[in-house]
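Novice: Sequence and predicted structure, then a few things I'm wondering about:
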Amino acid sequence: MKRILDSVHGYIHIERAYVQNIIDTPQFQRLRRVEQTSTRAVFPSARHDRFIHSLGVFHLGCKIVEHLIKSLGDTELTRSVFESYKLACLLHDVAHTPFSHTFEKYFDNQWSDLRGDLKTLVNGGQFDTDWDNTTDPSAPHERLSAIVALGVFGNFIESRGASKELVARMIIGLKYADVARHSLENAMIELIHGDVIDADGLDYACRDTWAAGYSTTSIDVDRLIDSINIVQDKGLYKLCFTAKCLNEIESVLHVKTFQQFYVINHHTVAYEQRLLIKSVESASQYHFFGHVDNNQDEREAALAKLCNVKAFYDVRNPGQIGIETDHSHIKIALPKDDDFVSLMSYIPNERYVKQWFSRQYELKPLWKTKADFYYHFDQLREVRLLKGSWIFSDDCLKFISDKFGIALDNIWRVRATAKYKGNFAKKVSIYVNGDVIPYDKLLPKDIQSYEPPKNEYYYLYVPAKSDRKAIIEALKEEYLKFFMLRAE
């Protein structure tokens, strides 16, 4: 066994076969140069990476397996499922894109057929059918990671008696449609790709809190893992948690809610992420087309060229990876945060790049929090707000531009609402006196604490030297006019 000291979980013990065949490879070691979060603009100490996070998820996954063996036994089926689970935990982020989640959506473009590549590697008819007939729960970085897991480490996965298809399903969160035959596998998929309590979420909830330094509810991970049960309910295996661990379950729910709504969507974090995208767009345009301008179509095309699955793995030519820029002829393979920063360093005085390097932001938000927003726009407190609502619409941006003489490209609208995944608490099942009971049926009033707001919410940024108070007052007056016209 290899022993690695982790500041969050203590000593992590890893079988040397995993170290030699997965961890000590270029694909996995690159994760040391990929940041775990996008929040360092607000929490400078949150300098932790996807490498130690992946080891942490593997560590928790091993503890979960050790616990479940006691109740499910050590059989041919459980051995294969549990080994697949441990490998999926280790490899779930192996192709995570640079700078946390900032650029992952750009890797799913016309140059990257992620679904097609993964289907080719799995080579299983039922996998294709289930994926085509199910709402796809996966993010681009998960599809990329599944591609690299199977394409690079597929032989090792099979040598461990694991299932490549199941590893891929676990990474992208694709359950089997044939529940009667695969309910155990589906329960284990929830323990790595669940919306509430899984090895992945448990590690980042603990690790992000530790690294960033913000204070919130603590989580007793060992007690929570001891509460995990996979029991047969009406002939099917089902994931649930013992009632004695309600406090730890609620701690996880509180931490996830806090991180989603008060950390990831902080106004400075939101601005810096948009700024970083603009900066890398400029760098991509320079390296692919040899110039930088405001042609948005060309900027987006250049960024899409940079964000290409072939930088990680080429299904049609596995021995060759990497992409080469058209103008500067720089080749990038296994892209890391450093690669994107290096591309930006060629144009240090470009408008967006200069701001990102210096943190001297040109734009400031009209409101910094929801409380701030509703203080100014108290008439909107009872109004259902959506992206199309006037205050967040293109018409509103044009109104600000016309009235205050601000160029439209100097007014930014940035979404600050976490992706709605429903009420976290409704997705937890509690095991009480031999029965599996949904959390919301057991404690119906408590679920209200975890109900995320369904209103859309955006920040509007304007030049720092603007009279932001005057702009807000003008918006209040204009919105009332807009409201009255609609009433008529």
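Specialist: Looks like it arrived, so ask away.
Novice: In this structure, where is pLDDT below threshold?
Specialist: Scanning the chain for pLDDT under 70 picks out 418-426, 445-454, 482-488.
Novice: If we use 50, what do you get?
Specialist: The model of the chain has pLDDT under 50 over residues 486-488.
Novice: Residue ranges of each domain in it, please.
Specialist: According to automatic domain parsing, the chain comprises the domains 2-221, 270-361.
Novice: first vs last residue of the shortest one, how far apart are they?
Specialist: Think domain 270-361. One end of domain 270-361 sits 12 Å from the other (CA to CA, to the nearest Å).
Novice: what do you get for the longest one?
Specialist: The distance separating the two terminal residues of domain 2-221, taken as CA to CA, comes to 22 Å.
Novice: chain center to it, what's the gap?
Specialist: 12 Å (CA atoms, centre = their mean, to the nearest Å).
Novice: mind checking how far residue 478 is from residue 338?
Specialist: 46 Å (CB to CB, to the nearest Å). In short, each C-beta sits where N, CA and C put it, glycine included.
Novice: Show me which of these two is the more surrounded one.
Specialist: residue 478 (17 against 12; other CB atoms under 10 Å).
Novice: And the more buried one, which helix or strand is it part of?
Specialist: Element membership of residue 478, judged by DSSP states H and E, is helix 468-487.
Novice: What's the first helix or strand after the host helix or strand of residue 190?
Specialist: Residue 190 belongs to helix 179-193 when elements are defined using DSSP H and E. Going down the chain from helix 179-193, the next helix or strand is helix 199-212, by DSSP H and E.
Novice: By neighbour count, which bits of that next one are buried? Give me those.
Specialist: Neighbour counts over helix 199-212 (16 or more other CB atoms under 10 Å) mark 199-209, 211-212 as buried.
Novice: Among the domains of the chain, show me which one is buried the most.
Specialist: Of all the domains of the chain, domain 2-221 has the most neighbours on average by mean count of other CB atoms under 10 Å, namely a mean of 19.
Novice: circling back: name the nearest of the buried residues of helix 199-212 relative to residue 410.
Specialist: residue 212 (30.8 Å; CB to CB).
Novice: So that closest one sits against residue 47, correct?
Specialist: No. Counting by CB atoms under 8 Å, residue 212 stays clear of residue 47, with 9.7 Å between them.
Novice: So which residues of the stretch 201-350 of the chain form helices?
Specialist: In the stretch 201-350 of the chain, the segments counted as helices under DSSP state H, counting those that start in this stretch are 221-226, 246-258, 267-289, 296-306, 337-344.
Novice: In terms of secondary structure, what does the longest one contact?
Specialist: Taking 3 or more CB pairs under 8 Å, 6 or more residues apart in numbering; DSSP states H and E as the contact definition, the neighbouring helices and strands of helix 267-289 are helix 296-306, helix 337-344, helix 351-358, strand 363-365, strand 412-415, strand 458-463.
Novice: Distance to residue 317 added to the ones you listed, as JSON lines?
Specialist: As requested, the helices and strands packed on helix 267-289 are exported to JSON lines (distance: least, CB to CB, whole Å):
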{"stretch": "helix 296-306", "distance to residue 317": "18"}
{"stretch": "helix 337-344", "distance to residue 317": "21"}
{"stretch": "helix 351-358", "distance to residue 317": "33"}
{"stretch": "strand 363-365", "distance to residue 317": "43"}
{"stretch": "strand 412-415", "distance to residue 317": "38"}
{"stretch": "strand 458-463", "distance to residue 317": "43"}
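Novice: Give the helix, strand or coil label for residue 141.
Specialist: For residue 141, the assignment made with DSSP: H, G, I helix; E, B strand; the rest coil gives helix.
Novice: Can you give me every residue that contacts it?
Specialist: Residue 141 makes contacts with 93, 95, 96, 97, 101, 104, 107, as judged by CB atoms under 8 Å, 6 or more residues apart in numbering.
Novice: where's it relative to residue 169, distance?
Specialist: Distance from residue 141 to residue 169, by CB to CB: 16 Å.
Novice: Residues in contact with stretch 65-79: which ones?
Specialist: 82, 85, 86, 161, 184, 225, 226, 228, 229, 230, 231.
Novice: The last one reaches residue 431, doesn't it?
Specialist: Just to be clear, that refers to residue 231. Yes. Under the criterion of CB under 8 Å, residue 231 makes contact with residue 431 at 6.4 Å.
Novice: Residues that sit against both of those two, list them.
Specialist: Common contact partners of residue 231 and residue 431 (CB under 8 Å, 6+ apart): residue 240.
Novice: ok, the two, which is more surrounded?
Specialist: Set residue 231 next to residue 431 and count neighbours by other CB under 10 Å: residue 431 wins out with 22 against 17.
Novice: Identify the bridge partners of the more buried one.
Specialist: For residue 431, the residues forming beta bridges with it (DSSP bridges) are residue 242, residue 436.
Novice: mind listing what it touches?
Specialist: 229, 231, 240, 241, 242, 243, 437.
Novice: what do you get for residue 81?
Specialist: Here residue 81 is in contact with 163, 166, 184, 185, 188 (CB under 8 Å, 6+ apart).
Novice: now swap in residue 5 and tell me
Specialist: Applying CB under 8 Å, 6+ apart to residue 5 gives the contacts 11, 12.
Novice: Quick check: buried residues in the helix holding residue 478?
Specialist: Within helix 468-487, the residues that count as buried by 16+ other CB under 10 Å are 468, 471, 472, 475, 478, 479, 482.
Novice: ok, the second one to residue 399 distance?
Specialist: It refers to residue 471. Separation of residue 471 from residue 399 (CB to CB): 10 Å.
Novice: List the beta-bridge partners for residue 459.
Specialist: Listed by DSSP bridges, the beta-bridge partners for residue 459 are residue 414.
Novice: Around it, how many other residues sit close by?
Specialist: Around residue 459 there are 25 other residues, counting by other CB under 10 Å.
Novice: For it, which residues are in contact?
Specialist: Contacts for residue 459 (CB under 8 Å, 6+ apart) come out as 267, 270, 271, 365, 366, 367, 368, 412, 413, 414, 416.
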